[in-house]
Every structure is written in C-alpha cells, then in structure tokens.
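Got a sequence here, can you model it:
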Amino acid sequence: MSLSPLRASLSCLLLLAAACSNAVAGPSDAVAETPSIQSPETVAGAPSAPVEDVSQAPTETPATETPTAETPTAETPVVSAPAPTASVCSPLSSLSTLTGNLTSWLQTAPITAANSGGFKEPGGTELAAFEGAFRTLLTEGPTPQVVQDLAGMGYGVSTFRNDTGGGWLVVREQGLLSRGGGTFIINLFPARDLWLEAPHADSDEGTLRQTATQLVTLGARALLITGSHRCAVTTASPCSGTTSVCGTKGLRISDAAHYGNNFFTAAHRALRDTYPDAIAASIHGMDAGDGPEAAVVSDGTSTLRPDALSNRLRDALNTHLVGTKKAFSCNASDDSGKHRTLCGTSNVQGRIDNGASDACFTEAAAATDRFIHLEQSATLRGTGASSKAVMQALADTVPCTLGGSGLDCPALVAQDCP
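Alright, predicted model coming up:
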C-alpha cells in the first residue's frame with residue numbers, strides 16, 4: 001500500500017507526533033475563533049425534513065420512518081495559538097490549530113448569497129499561482145513558503161483536530177474582503193481514493209451538511225466547498241449549458257460547476273494532477289417532483305457503457321434505498337428514458353476529468369471513470385434512511401485502499417495530526 005504524496009512528506013513528522021503533542025496544544029486560555037465573517041443570512045441553512053417515500057415497504061426500516069432535520073450546532077471551534085516546538089513538529093506546528101466537530105463546523109463555511117454580487121473573479125495569473133500553491137500543499141505539506149503564497153491570495157491555512165479524531169488541513173479565505181472563493185479541506189489520513197465537491201452547497205439544500213458528513217465518515221481525501229451562491233452575480237457564464245435556476249435562462253460566472261475561472265476549479269485541477277486515479281464526486285440536488293427518480297447518476301457524459309462507474313453506484317444505491325423511487329444512470333441502456341436530463345455533461349470539473357478539449361465550451365467525448373455526478377431528491381439530502389443509503393452506496397463503490405479510517409474500512413483508531 002503506497003502512501004499519498006502528502007502523507008509521505010509528513011510521515012516522519014506524524015510518527016513523532018506524540019513527542020510534540022504538548023508543544024502544539026497551545027496555551028490553556030486559547031481564544032475562540034469565529035469561523036465565518038459572513039452574516040447568518042449568507043450561510044447555507046439547515047436542510048428541511050422531507051418525508052421518506054414509504055409506499056413500498058423497506059427491508060430494514062419501519063414504513064413509518066420520517067427523516068428528521070439536523071440543525072448545525074452553533075459550536076465555535078477553539079483555536080490554539082502556535083507555540084515554539086521542536087523542529088520535528090514543523091511545518092504543522094507553525095499553524096493555528098482549530099478543535100471541535102469538523103462536520104458541524106464545515107456547515108458554517110462562508111458562502112456569499114444569491115444576488116449579492118459577492119463573487120469576484122480572480123485573474124488568470126492568480127488562478128495559476130493558486131493551483132500551483134495548492135498542488136504544493138498536497139505534495140509537500142504546509143511549508144512556510146506555500147502558506148505565505150496562499151496568504152498573498154487571501155487564504156489562510158490551519159490544522160483541525162476533530163473531536164472524533166483525525167488530522168485535517170483547512171484552506172479558507174481570511175480577512176474582511178471575501179471574494180466568494182471557497183473553503184477546502186484536506187484529510188491527512190484518508191481511507192479512500194475519493195474526494196468530494198459541493199459546487200452548489202447552499203442552493204442545493206442539504207448538500208453542505210451531506211458532503212461534510214461524507215468527508216469524515218467515508219475517510220475521503222478532500223472536500224471542496226463553493227464560496228458563492230451560483231446566482232451571486234448576474235454576469236453570464238460563457239460556458240456551454242443552460243439552466244433557469246437563477247430566474248432567467250442561462251449560467252452565471254458565480255456557478256462553480258459551470259465556470260472554470262475560480263479557486264474551486266483551480267483546487268480541483270491540483271487534486272487531479274496530484275491524484276490522477278482518484279474519483280471526484282460532485283454532489284447535487286434536484287427537484288424530483290412526482291417522477292420515479294430518487295437519484296440520477298452519471299460519469300459526466302451521456303454515453304451508454306455497461307461497465308461505467310456510475311452504473312455501479314446506481315446499483316449500490318438501489319440496494320440500500322427505501323421506498324418506490326430508485327436511482328437511474330445516464331450511462332445505462334436499461335435506464336434509457338427513465339432518467340431526467342441531469343447528466344452533468346456541462347459540469348466543468350467533469351469535463352476536465354474526462355479530457356474535454358475545452359472544459360468551458362466542449363463536452364467530453366468519453367469518460368475516464370474518475371468523475372461521478374450525483375443528482376439527488378430532497379429525501380436523499382435529508383437525514384433519514386435514504387440519506388444513509390447514499391453514504392453506504394459511496395462506501396460500496398469506492399473501496400478502502402489508503403489505510404486511514406472510514407466506513408467499512410479495516411478497524412483503525414483515527415490518527416491525530418500534531
């Protein structure tokens with residue numbers, strides 16, 4: 001079993017973490033750090049509590065089950081100021097350390113509101129610099145130079161000690177002038193060659209809570225969270241594709257899934273360069289209405305392929321879903337005519353992973369099975385049995401190959417970073 005680039009670069013450090021634990025704990029009177037500078041109305045709210053479809057008796061869950069809404073706690077993580085440490089604790093010990101419940105804290109990630117004008121497009125030179133710095137962070141860890149480089153672009157780097165264990169790096173906008181750039185989390189002890197993306201974390205209600213939970217529970221490599229509502233600005237995206245979700249027909253440049261000139265896509269590119277065989281899962285929500293779909297899965301194309309990764313995820317979902325609604329795949333011939341036209345073919349990150357000649361203007365001609373696009377009904381984005389089915393289906397589809405802790409992985413005690 002090979003180590004990831006980041007774990008390999010930090011392996012000596014992590015083996016000596018226990019010797020440094022007192023040095024990095026910080027002073028006992030550590031001050032509380034406010035996790036977001038945004039006002040409450042600009043942060044994604046708690047998902048509603050949709051009623052499970054129980055017209056067909058589930059195999060394990062009582063037919064009367066109704067998922068309950070899960071409201072993020074108002075927990076403020078504790079920040080420990082860096083303390084002088086032995087050289088073996090560098091570079092992690094030079095960073096501020098947040099402690100708390102990572103899943104709850106991520107639900108307060110700053111996201112600029114719809115029609116707020118809060119998304120500011122970075123220039124091409126800055127995007128290239130961010131992508132390079134993020135790639136270096138993945139391969140070499142938070143060296144003083146890369147932390148300085150990211151700071152110059154408005155991003156701070158800190159460690160997070162989750163109250164259930166594990167070690168994480170958090171890359172987030174800092175300062176008073178947010179550009180809607182996003183929040184990015186890296187798992188130092190991943191279990192699966194998988195990362196998660198929430199490009200519509202607030203507009204697709206429930207996906208912020210869902211991906212935050214999946215990150216920790218599955219032991220995924222990373223999570224990318226958009227920093228802006230897809231309708232934050234009115235400037236049209238030149239990329240191909242269309243939607244009426246913003247009230248008028250067309251895409252906006254504040255839509256991280258349908259425009260590439262943003263830090264979200266730059267982080268995606270850096271992850272893909274560093275982990276070429278990893279699977280990127282883009283998590284979305286749809287209005288299922290009275291149709292038969294609980295979910296629509298695709299590989300970022302509409303090409304029919306019996307052995308597509310998306311078909312395996314569909315099958316896993318249908319094994320665990322309760323109720324009469326089922327998952328359908330855009331890449332399965334036997335699902336033809338049953339799924340909606342929500343195949344993610346205009347998703348920029350999917351086009352990148354599938355080798356499109358121009359991710360903004362051109363659909364990919366073929367799929368690499370390195371990208372999954374998942375559209376879900378409100379029920380799946382809730383907190384009931386069907387929501388748990390999505391988690392289990394991802395666990396079934398992407399195996400444990402990296403040695404960290406995760407759902408259905410060999411029993412390990414979650415490791416802590418110094």
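
Pretty sure residue 340 sits in a strand.
No - assessed by DSSP: H, G, I helix; E, B strand; the rest coil, residue 340 does not belong to a strand; its assignment is coil.

My guess is it contacts residue 293. True?
Yes - taking contacts as Cβ atoms under 8 Å, residue 340 lies within contact range of residue 293: 6.3 Å. (C-beta placed from N, C-alpha, C; glycine too.)

and these two? which has more neighbours close in?
Neighbours per residue, other Cβ atoms under 10 Å: of residue 340 and residue 293, the larger number sits with residue 293, 20 against 15.

For the longest helix anywhere in the chain, which helices and strands make contact with it?
Counting residues, the longest helix found in the chain (DSSP state H) is helix 124-140. Packed against helix 124-140 by the contact rule (3 or more Cβ pairs under 8 Å, 6 or more residues apart in numbering; DSSP states H and E) you find helix 5-15, helix 144-151, strand 167-173, strand 183-187, helix 263-274.

and the ones you listed, which is most packed in?
Highest mean neighbour count among those (mean count of other Cβ atoms under 10 Å): strand 183-187, with a mean of 26.

Could you list the paired strands of that strand along with their orientation?
Strand partners for strand 183-187, identified by DSSP bridges, are recorded as strand 167-173 (antiparallel), strand 222-225 (antiparallel).

In terms of mean pLDDT, which of those ranks lowest?
Ranked by mean pLDDT, these bottom out at strand 167-173, with a mean of 94.

Please list the residues outside that one that contact it.
The contact list for strand 167-173, computed with Cβ atoms under 8 Å, 6 or more residues apart in numbering, reads 14, 98, 102, 109-110, 134, 137, 142, 150, 154-162, 179, 181-189, 227, 267, 415-417.

Repeat the analysis, applying 6 Å as the threshold.
Strand 167-173 is contacted from outside by 154-155, 157-158, 160, 181, 183-186, 188-189, 416-417, using Cβ atoms under 6 Å, 6 or more residues apart in numbering.

Lowest-confidence one in the residues you listed?
residue 417 (52).

for the stretch 301-418 of the chain, which spans come out with low pLDDT?
For the stretch 301-418 of the chain, the stretches with pLDDT under 70 are 413-418.

quick one: the helices in it?
Assignment of helices within the stretch 301-418 of the chain using DSSP state H, counting those that start in this stretch yields the ranges 309-320, 348-353, 385-397.

so can I have TSV of the ones you listed showing distance to residue 223 and mean neighbour count?
Shown next, in TSV, are the helices of the stretch 301-418 of the chain (distance: least, Cβ to Cβ, whole Å; neighbours: other Cβ atoms under 10 Å):
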stretch	distance to residue 223	mean neighbour count
helix 309-320	18	21
helix 348-353	13	26
helix 385-397	13	22
